[in-house]
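Visitor: requesting a structural model of the entry that follows:
(4 chains)
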Number of protein chains: 2
Amino acid sequence: MGLTKTEIFTDEQNQLATLLKAMAHPARIAILQRILISNTCICGDLVEELGLAQATISQHLKELKNAEIIQGTIEGVSICYCINPKTWKLLEKQLGAFLAEYKGETSCC
Amino acid sequence: MGLTKTEIFTDEQNQLATLLKAMAHPARIAILQRILISNTCICGDLVEELGLAQATISQHLKELKNAEIIQGTIEGVSICYCINPKTWKLLEKQLGAFLAEYKGETSCC
DNA sequence: GCTTTATATCGCAATATTACGATGTTTCTA
DNA sequence: TAGAAACATCGTAATATTGCGATATAAAGC
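Guide: Okay, the predicted model is just below:
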């Protein structure tokens, strides 16, 4: 086991779960926040700002890139990362719809 | 290792990561959607509706409960689960603010 | 071409997650 | 009070994640 049964769920459920999973780590949230603040992309600054090893940061960036939440382009010696607008919009739409489904506390538990 | 370095991050970052992690599984998204649709709580119906074993569903419910995203009350023999309004509102606020930080594609990568 | 700088990848150890059968626990009913 | 129904918990196997040191790779400048 230890393997999620993706066949059982809808594509939307799997997609949203994948996106959430990619963000579900404090380091990756911190990375995204840094990108959002600087608007313009950042790179190895992260290693200094967060207290994690270069290999670890690189790995987190890779996961965000795999989920297509961020994208990177070579900028000389370093690499410039920024938000992938397409995925971000998708996320806003999917998550927004999901969260909005809750209609207040119409008595229950 | 295999242990997240929570000391390094802010409480907000850790909290948001924990909430996202609790939702970052297709089964748990499916469970939440069912609760949102039925508004009124559900229980063992999930075992039939999703194709997972009772023990597995119970475990997923426990994780959602630990994250305080849902809450359950004893309803005779079965248990009634529903959204925890407080956490849901917190989630809407935190996630909303996070997602809204992105200001379009002001040229970068 | 060699060196420096900036990232990526590999390999590993520690720990976490996912799924499930088996077994406990609690509550209602006969 | 014994039995059934509905969940929860335990134990376990398979796999995934986290973090890092060491090493590889790529671009720029000399």
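
Visitor: what sits against residue A:20?
Guide: B:20-21, B:23-24, B:29 (C-beta atoms under 8 Å, 6 or more residues apart in numbering or on different chains). For glycine as for every other residue, the C-beta is placed from the backbone atoms N, C-alpha and C.

Visitor: ok, so of those, who is nearest DNA strand D?
Guide: residue B:21 (7.6 Å; C-beta to the nearest atom of the strand).

Visitor: next one: phi and psi at the spatially most central residue of chain A?
Guide: The residue lying closest to the centre of chain A (C-alpha atoms, centre = their mean) is residue A:23, at 3.8 Å. The phi/psi pair for residue A:23 (degrees, to the nearest 10) reads phi -90, psi -10.

Visitor: now swap in the one 3 residues further on and tell me
Guide: According to degrees, to the nearest 10, the main-chain angles of residue A:26 amount to phi -50, psi -40.

Visitor: burial measure for the closest residue to it other than its chain neighbours, as a count.
Guide: The spatially closest residue to residue A:26, leaving aside those adjacent along the chain, is residue B:9, at 3.8 Å (C-beta to C-beta, 6 or more residues apart in numbering or on different chains). The burial count assigned to residue B:9 is 20, neighbours taken as other C-beta atoms under 10 Å in any protein chain shown.

Visitor: what residues does chain A have near DNA strand D?
Guide: A:1-3, A:21, A:24-25, A:27, A:52-56, A:59-60, A:63, A:74, A:76-77 (C-beta under 7 Å from any atom of the strand).

Visitor: is whichever strand or helix holds residue A:79 anywhere near chain B?
Guide: For residue A:79, the host element (DSSP states H and E) is strand A:78-83. Yes. Using C-beta under 8 Å from any C-beta of the partner chain, we find that strand A:78-83 touches chain B at A:80-83.

Visitor: could you look up the SS state of residue A:86?
Guide: helix (DSSP: H, G, I helix; E, B strand; the rest coil).

Visitor: state the distance from it to residue B:35.
Guide: Distance of residue A:86 to residue B:35, given as C-beta to C-beta, to the nearest Å: 30 Å.

Visitor: wait, what's in contact with residue A:56?
Guide: residue A:27.

Visitor: can you pull the pLDDT of it?
Guide: We note a pLDDT of 97 for residue A:56 in this prediction.

Visitor: now find how far off-centre the one helix or strand it maps to is within its chain.
Guide: Taking DSSP H and E as the definition, residue A:56 sits inside helix A:54-66. Mean-position distance between helix A:54-66 and its chain equals 11 Å (C-alpha atoms, centre = their mean, to the nearest Å).
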